[in-house]
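J.: Below is the sequence, then the predicted model.
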Protein chains: 2
Amino acid sequence: MAAPEELFVLEGRPTAQLIADQLREQIIQGTFRPGEQINESVLATQLRTSRGPVREALQRLCQEGILISRRNRGVFVLELATADIKEIYAVRETVELAAADALLNEGRARVRATCEALKAVLRDMAKQVAVSDWQALARLDMDFHSTLVAGAGNTRLIRIYNTLAAESRMCILSLEVSYPRIDVLVQEHQNILDLLEEGDREGLHKAIKRHMEKGVEDLIATRQEAGNKP
Amino acid sequence: MAAPEELFVLEGRPTAQLIADQLREQIIQGTFRPGEQINESVLATQLRTSRGPVREALQRLCQEGILISRRNRGVFVLELATADIKEIYAVRETVELAAADALLNEGRARVRATCEALKAVLRDMAKQVAVSDWQALARLDMDFHSTLVAGAGNTRLIRIYNTLAAESRMCILSLEVSYPRIDVLVQEHQNILDLLEEGDREGLHKAIKRHMEKGVEDLIATRQEAGNKP
DNA sequence: CGACTGTAGATTGTCAACAATAAACGATCA
DNA sequence: TGATCGTTTATTGTTGACAATCTACAGTCG
């Protein structure tokens, strides 16, 4: 009997992780607002499950840092202050620079494979720019960077970055008005891709740093316009 | 009535975290060996609690990466391969370099405060060298580096590093024979401290890189002698 | 003798009921 | 009128029982 590509995997993954993934996406997309409380019981009822798995999922997200737990009070969606934005982007810059370096040291084959993946992301991004789907753009923006980091092949670096990516999407979301400079969004990422493909280490470093600086500036500027927390 | 420094905080922290902390320390110290299975029920019985909190604690350590969970099989203590060691030290180097940079940018006051904390750690380290307490030395080694990273004041960086520190202690432990080059252990850290105090950014970078390189070399060399996993 | 199948044991995964805790409200007293 | 102290209520923290799942072993059939 010929083996089928993938036999219908009957809920192969742990339930708690399914819940966590779903919840994370909802938080990042703004279904739950920053500061909002998440009730275990009602969530369990909605998901047709018991509090056990829900509790596990919530705890997981707490450890990721996008929820905060107050003992005997409940879990709440993280509220990001300006200091958090600076922190997140500072660490992102560090991780991405390290990943870029490591990737370039891995050799051309690895670089080329990563570039192909990045190009696919950029194609999707261009499509979404055309229809101005902010949610999708925020996701693809992070996909691009996550893919870049993944190229380095360091599993711990990847794990660290995924958390940062989730937090970044929360930052972007909290603006609501979303991306300024949408016109240069694809262009900036394309620039990073080109420099990577050329193997221009120095240029790549500068581009990533500049990209992050701009990101922080935009976020903080837009936030101050909105009169949000300092 | 004068307020006492700290009124006996009656189990103020969540139980699961207490269990997780205790368990983490035991794993790092080698009470549980790499690859060993940890049974929820028996652990719950030993701790005079139920499986719920234990389960939460285990999940937490899974997410930290020092335990791995296999669905319907159980959780096992992480077994570190040589590739893991390289990964861990590569990320540690990245994080520490970033932290050192950030710290130097924070200004002299912050640097001086951090140096004081580091000196205290070094004093303890010298004491333990005298009595050759390997466990304590491994802990103090990591304390030194964690303190350095903490000096930068980036909470996310600190959280990331703490996990790496735990994994590093597992690496060191797995050698069992423990630290080679004990004579230069204090000296190397003192060197890093001196360069930080002088504000010698370039020298500090080089020292940290060299420190990490040596660490990996020692670990891998000792491991190969022991004929362990490649 | 080898491969397959069915059963047994152990372990995690899930659940619903119970207990503990903290904030919010309202009553009581100076 | 103001503050303090019980009471209420909603929520999480904890527990023990039950169900689902995996591995290992033994029995059976070719």
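T.: Thanks, I have it.
J.: Domain ranges for chain A, per the record?
T.: When chain A is parsed with automatic domain parsing, its domains come out as A:16-21+A:32-77, A:82-225.
J.: Save these as TSV, and put in distance to DNA strand D, mean pLDDT and mean neighbour count too.
T.: Glycine gets a C-beta too; all of them are placed from N, C-alpha and C. TSV is the format used below for the domains of chain A (distance: least, C-beta to the nearest atom of the strand, whole Å; pLDDT from 0 to 100; neighbours: other C-beta atoms under 10 Å in any protein chain shown):
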stretch	distance to DNA strand D	mean pLDDT	mean neighbour count
domain A:16-21+A:32-77	3	94	16
domain A:82-225	20	93	18
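J.: Going along the chain, name the strands of chain A.
T.: A:37-38, A:67-70, A:74-77 (DSSP state E).
J.: How about the first one and DNA strand C, any contact?
T.: No: judged by C-beta under 7 Å from any atom of the strand, strand A:37-38 and DNA strand C are separated, with a smallest distance of 11.4 Å.
J.: Kindly provide the distance from the residue nearest in space to the middle of chain A to A:Thr147.
T.: The residue lying closest to the centre of chain A (C-alpha atoms, centre = their mean) is A:Ala165, at 2.5 Å. Counting by C-beta to C-beta, to the nearest Å, the separation of A:Ala165 from A:Thr147 is 10 Å.
J.: Now render the strands of chain A as CSV, adding distance to chain B.
T.: Formatted as CSV, the strands of chain A follow (distance: least, C-beta to the nearest C-beta, whole Å):
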stretch, distance to chain B
strand A:37-38, 17
strand A:67-70, 8
strand A:74-77, 12
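J.: Need the domains of chain A in a markdown table (columns: distance to B:His189).
T.: Converted to a markdown table, these look like this (distance: least, C-beta to C-beta, whole Å):
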| stretch | distance to B:His189 |
| --- | --- |
| domain A:16-21+A:32-77 | 30 |
| domain A:82-225 | 22 |
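J.: Give me the contacts around stretch A:147-160.
T.: Residues from elsewhere that reach stretch A:147-160, judged by C-beta atoms under 8 Å, 6 or more residues apart in numbering or on different chains: A:91, A:95-96, A:98-100, A:102-103, A:106, A:110-111, A:113-114, A:117-118, A:121, A:146, A:161, A:192, A:196, B:65, B:87-88, B:90-91, B:94, B:160, B:164.
J.: Distance from that stretch to the middle of the chain?
T.: 13 Å (C-alpha atoms, centre = their mean, to the nearest Å).
J.: Compute the first-to-last residue distance for it.
T.: Stretch A:147-160 has an end-to-end distance of 13 Å (C-alpha to C-alpha, to the nearest Å).
J.: hmm, back to that, quick one: closest of the strands of chain A to B:Thr49.
T.: strand A:67-70 (18.9 Å; C-beta to C-beta).
J.: is it true that the residue nearest to the centre of chain A touches A:Leu140?
T.: No: if you go by C-beta atoms under 8 Å, A:Ala165 and A:Leu140 don't touch, sitting 11.4 Å apart.
J.: contacting residues for the residue lying closest to A:Ile208 once chain neighbours are set aside?
T.: Nearest non-adjacent residue to A:Ile208, counting by C-beta to C-beta, 6 or more residues apart in numbering or on different chains: A:Glu96, 5.3 Å away. A:Glu96 makes contacts with A:145, A:148-149, A:161, A:208, A:212, as judged by C-beta under 8 Å, 6+ apart.
J.: Just give me the closest of those residues to chain B.
T.: Closest to chain B out of these is A:Tyr161 (10.3 Å), distances taken as C-beta to the nearest C-beta.
J.: how far away is the closest one from A:Val91?
T.: 9 Å.
J.: Do you know the pLDDT at A:Val9?
T.: A:Val9 is assigned a pLDDT of 44 by the prediction.
J.: any idea how far the residue nearest to A:Glu79 when sequence neighbours are not counted lies from A:Ala221?
T.: In this structure, A:Glu79 finds its nearest non-sequential neighbour in A:Pro34, 4.4 Å apart by C-beta to C-beta, 6+ apart. Applying C-beta to C-beta, the value for A:Pro34 to A:Ala221 is 19 Å.
J.: Tell me if I'm right that A:Leu61 and A:Glu25 touch.
T.: No: the pair A:Leu61 and A:Glu25 fails to qualify as a contact (C-beta under 8 Å) at a distance of 11.0 Å.
J.: need the helices for chain A, in chain order.
T.: All helices of chain A, identified by DSSP state H, fall at A:15-29, A:40-46, A:51-64, A:82-106, A:108-131, A:134-151, A:155-175, A:182-198, A:201-225.
J.: how about the residues of chain A near chain B?
T.: Proximity of chain A to chain B (C-beta under 8 Å from any C-beta of the partner chain) is limited to residues A:13-14, A:16, A:55-56, A:59-60, A:63-65, A:69, A:71, A:87-88, A:90-91, A:94-95, A:98, A:102, A:154-157, A:159-160, A:164.
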